[in-house]
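Q: Everything below, folded, please.
(one chain, ligands or ions: 2)
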Amino acid sequence: MSRDKEEKIQIAASILSADFSRLGEQVTQVLEAGIRWIHVDIMDGHFVPNLSMGSQVVRSLRPIADKFDALLHVHLMVEEPERYLADFVHAGADSVSVHVETCPHLYRAIQEIRALGVRSGVALNPATPLLVLQEILGEIDFVLIMTVEPGFGGQEFIPSSLDKIVRLRRVLTERGLDQVLIAVDGGIHVQTAGPVAEAGATVLVAGSAIFNDHGSIADNLRELRTAIAAHHSNKGE
Ligand code: DX5
Ligand code: ZN
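A: Ligands and ions are numbered 1, 2, ... in the order given. From the prediction side, this is the model:
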């Protein structure tokens, strides 16, 4: 992989695994380390078996992100996501993704996100085939491929997801839609980040690999970046 392409691979920090008593401080550390995507996981206890946070967290993080010219990405893991789109955009989201499994009127939901003036994404559970994207790919800014069942941080990456990412990259290239980002979410750490980037992902979402007790945020990010770079150089590209 060329250096040019390598630099296009972004790490997004999922705050789900952060220490919420020090959220602003930890997000600042991530941004100081050069990360420009903050990923905010919204869970309703229905679509996924867990509760997380609401739009007030986005509102609180907005001024911190602004200091670094960073993006706040909202990943809605909720039933009837249409009900919350305006709320999250008004709180300061730069992009919003909805799960196709929650959205029978996906076209309308995507148009609503675009009309609100932010980037739109469609998220897919591990068992949801890429085929569901066929009619909507030309309307969206990114696809969020879940590589674990959504709901919790710290789960194991599902290995068959690599092939799904390769196939999505192929479809985007064939259709001349390479500007559509492929974000990959779940189980990203030093062992999986390289192969995921190599498969064609453009944004790697990582939570527990960044926020943990083993290392500082800066060290963890350095290791992730090294893993991505080492994988590419092993390939001899
Ligand atoms: C899971 C969330 C993820 C989660 C990833 O449902 O969508 O964003 O934070 O956590 P890790 O990186 O620990 O798998
Ligand atoms: Zn997520």
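
Q: and this structure, which residues reach ligand 1?
A: Selection of the chain residues close to ligand 1 by C-beta under 6 Å from any ligand atom yields 14, 16-17, 39, 41, 75, 148, 150-151, 153-155, 185-188, 205-209. Using the backbone N, CA and C atoms, a C-beta is placed for each residue, glycine as well.

Q: Show the buried residues in these.
A: Buried by 16 or more other C-beta atoms under 10 Å: 14, 16-17, 39, 41, 75, 148, 150-151, 153, 185-188, 205-209, out of these.

Q: from those residues, which ones fall inside strands?
A: 14, 39, 41, 75, 185, 205, 206 (DSSP state E).

Q: State the distance from the residue in the chain that ligand 2 sits nearest to to residue 160.
A: Here the residue of the chain nearest ligand 2 is residue 75; by C-beta to the ion that distance is 3.8 Å. Here the criterion is C-beta to C-beta, to the nearest Å. By it, residue 75 lies 21 Å from residue 160.

Q: for residue 81, same thing?
A: Applying C-beta to C-beta, the value for residue 81 to residue 160 is 26 Å.

Q: Tell me which of those two has more neighbours.
A: Legend: neighbour count by other C-beta atoms under 10 Å for residue 81 and residue 160, higher for residue 81 (25 against 10).

Q: need the contact list for the more buried one.
A: Going by C-beta atoms under 8 Å, 6 or more residues apart in numbering, residue 81 touches 98, 99, 102, 103, 109.

Q: quick one: the last one is in a helix?
A: Same thing as residue 109. Yes - judged by DSSP: H, G, I helix; E, B strand; the rest coil, residue 109 forms part of a helix.

Q: Wait, it touches residue 99, no?
A: No - Residue 109 sits out of contact with residue 99 when judged by C-beta atoms under 8 Å, with a separation of 10.1 Å.

Q: Mind telling me what element residue 73 is part of?
A: strand 71-77 (DSSP states H and E).

Q: partner strands of that strand, parallel or antiparallel?
A: Next to strand 71-77 in the sheet, as set by DSSP bridges, lie strand 37-43 (parallel), strand 95-99 (parallel).

Q: and for that strand, what are the contacting residues?
A: So strand 71-77 is in contact with 12, 14, 36-44, 47-48, 58, 61-62, 65, 84, 88, 92-99, 102, 121, 123, 144, 150-151, 183, 185, 205, going by C-beta under 8 Å, 6+ apart.

Q: quick one, helices of this protein?
A: Using DSSP state H, the helices of the chain run over 3-8, 23-32, 55-67, 85-91, 106-115, 161-174, 193-199, 217-234.

Q: Kindly export the fifth one (C-alpha atoms) in PDB.
A: Translated: helix 106-115. The C-alpha trace of helix 106-115 is given here as PDB (Å, rounded to 0.1, in the frame of the first residue of the first chain):
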ATOM      1  CA  LEU A 106     -33.700   4.000   5.000                       C
ATOM      2  CA  TYR A 107     -33.800   6.400   2.000                       C
ATOM      3  CA  ARG A 108     -35.900   8.900   3.900                       C
ATOM      4  CA  ALA A 109     -33.700   8.700   7.000                       C
ATOM      5  CA  ILE A 110     -30.600   9.300   4.900                       C
ATOM      6  CA  GLN A 111     -32.200  12.300   3.200                       C
ATOM      7  CA  GLU A 112     -33.100  13.700   6.600                       C
ATOM      8  CA  ILE A 113     -29.600  13.400   7.800                       C
ATOM      9  CA  ARG A 114     -28.300  15.200   4.700                       C
ATOM     10  CA  ALA A 115     -31.000  17.900   5.000                       C
END
